[in-house]
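[1] Got a predicted structure here, sequence first:
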Amino acid sequence: MNNEIDLAIEHEKQGIIMYEGFYEKFQNPLFLQILNVKKTGLEIINPLKQEELTNNIYKKFSNIQDEKNAIFTAIAYEIESENLYDDLTNTIEDEQAKDVFFRLWATSSNEYRPALENELNKKKEEKKDDDEKKHINPNNMGFTFDSKSFNEISEVFNKFSTGSATKEDIEKILNNPNISFFTGAVVGALGGILINQILENKNIEK
């Protein structure tokens, strides 16, 4: 039984050092929440033999500089925890220890890992949103967005949709330096089909 307890203690120490380091580096509250629960779990496993945790354990995690990689690493650790405590629950004979190991397995499987996976998905969505914002940002498309230009083109589109656009309006929209942006990223919002009509009229006049 002592070997199993020592194995569990060493594994929990590793997790505590890992989550402590990740929280200090990335300030993600999820790491702190799991850390606090794990500290309580370690006290349950061995309340009489609290040894000082050594930062040497964290050396293998200290080179992780990206928060998503830290979450990946934490998920891998929790999968390892599940496997360890599943084995210990099935092999140890002491009922009290078996109950503790089962609780540790359940917490890792049902609480920690799902929470970490959810956090990872949130980070992926945040990156996707950031990439999309960068993609449609006019300042990333080769020119500085001009609200006056936008209003002028919108006004001409409105005239065209009501049939009141003049030849001068057509010239104005075709000569606008930002027309390529409006025919691309925001064409749907402004009624892009009118662009084709304007171009057709221009060709007819020629």
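    Yes, it's here. Numbering: from 1, shown residues only.
[2] Which parts of this structure belong to which domain?
    Described in terms of automatic domain parsing, the domain architecture of the chain consists of the residue ranges 2-136, 147-205.
[3] ranking those domains by mean pLDDT, which is last?
    Of all those, mean pLDDT reaches its minimum on domain 147-205 (a mean of 59).
[4] Residue 38 against residue 14, yeah?
    No. The criterion here is C-beta atoms under 8 Å, and residue 38 misses it with residue 14 at 10.0 Å. C-beta: built from backbone N, CA, C; applies to glycine.
[5] higher neighbour count, these two?
    Set side by side, residue 38 and residue 14 show more neighbours around residue 38, with 24 against 19, by other C-beta atoms under 10 Å.
[6] who's in contact with the helix or strand hosting that one?
    For residue 38, the enclosing helix or strand under DSSP states H and E is helix 29-45. For helix 29-45, contacts defined as C-beta atoms under 8 Å, 6 or more residues apart in numbering pick out 5, 8-9, 12-13, 15-16, 19-20, 22-23, 50, 70, 74, 100, 104, 107, 111-112, 115-116, 119.
[7] Of the residues you listed, which count as buried by neighbour count?
    Neighbour-count burial (16 or more other C-beta atoms under 10 Å) applied to those gives 5, 8-9, 12-13, 15-16, 19-20, 22-23, 70, 74, 100, 104, 107, 112, 115-116, 119.
[8] and residue 21, which of the three is it?
    The local conformation at residue 21, judged by DSSP: H, G, I helix; E, B strand; the rest coil, is helix.
[9] Compute the number of surrounding residues for it.
    There are 20 residues near residue 21, going by other C-beta under 10 Å.
[10] my read: it touches residue 61, true?
    Yes. If you go by C-beta under 8 Å, residue 21 and residue 61 touch, sitting 5.7 Å apart.
[11] Which residue ranges of this structure form helices?
    Listed in chain order, the helices of the chain (DSSP state H) span residues 2-26, 29-45, 67-91, 95-107, 113-136, 147-162, 167-175, 179-182, 187-190, 193-205.
[12] Any buried residues in stretch 76-93, and which?
    The neighbour-count check on stretch 76-93 (16+ other C-beta under 10 Å) flags 77-78, 81-82, 84-86, 88-89, 92 as buried.
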